[in-house]
Structures are given as structure tokens and as C-alpha cells.
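A.B. asks: Dropping a prediction and its sequence here:
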Amino acid sequence: MRRDRINKCIEQLKILLKTEIKASQPCSKLEKADILEMAVIYLKNTADAHARSYSEAHAQSYADGYSRCIEETARFLSAHKQTQKHSKPVDSCQITSEIAKHGLWRPW
């Protein structure tokens, strides 16, 4: 029973991997171990290709977001420079001295 299931699955793998089998060993008889090895190699290659395409897509998305952030920052800074020319800078020492003159309000 168990052996039959294993043999059926190996036959199904052989059918699914028909093109890979023809490319690597066109005229020889394949053992079950050969079919299993080819299935493992095929799955690894497919997973690696998927991971590369996934990584490339994320890298492009990251680069696009980074560029957009730089553009918005530059736009903000250039707009801020225009308004800063007309406004007076606030001196933190000036604020501190005013607080010292009037004293702090304490509820007790």
C-alpha cells in the first residue's frame, strides 16, 4: 500500500518533470532516486527565481519611495526657506529671560 503510493507519486513527478528529464538525460533509464533529485533541483531553482523577482520588486518599490521622500523634503525645504527670510528667528534665550523676570506660577 505505502510502496504503491510512493511509486505513483514518483511516476507523477516523472510526468510533471518530463521536459527537465529530456534535457538532462535524454535516452537513459531513470531510477526513482534520479527523479526525486530532479524534482528537488527543479523546486530549488523555482524558489530561487521567485525569491529574486520578489526581492527585485521590493528593491524597486523602496527606491521609488526613497526618491519620492527626497523630492518632498527638497520641496518642503525650498518653501520653508522662502518663509524663513521674512520671519524673525525666535531666540530661546529671550524666552528664558522673560520667564525669569515674571517668575513661574506655582499653585501653592
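C.D. replies: Perfect, I can see it now. Everything quoted here is computed from the prediction, not taken from an experiment.
A.B. asks: so Thr73 is in which element?
C.D. replies: Remark: Thr73 resides in helix 32-86, with elements defined by DSSP states H and E.
A.B. asks: quick one: average pLDDT of that helix?
C.D. replies: Helix 32-86 carries an average pLDDT of 84.
A.B. asks: Now do the SS call for Leu30.
C.D. replies: When states are read from DSSP: H, G, I helix; E, B strand; the rest coil, the local structure at Leu30 comes out as coil.
A.B. asks: Quick one: list the elements packing against the particular helix or strand that has Ile10 in it.
C.D. replies: Secondary-structure element containing Ile10, defined by DSSP H and E: helix 2-16. Of the remaining helices and strands, those touching helix 2-16 by 3 or more CB pairs under 8 Å, 6 or more residues apart in numbering; DSSP states H and E are helix 32-86. Just so you know, the C-beta spots here come from the backbone N, C-alpha and C atoms, and that holds for glycine as well.
A.B. asks: Need the residue closest to the centroid of this protein.
C.D. replies: His58 (4.0 Å; CA atoms, centre = their mean).
A.B. asks: and the gap between Ser55 and Tyr42?
C.D. replies: 20 Å (CB to CB, to the nearest Å).
A.B. asks: Having no further points to raise, I will conclude here.
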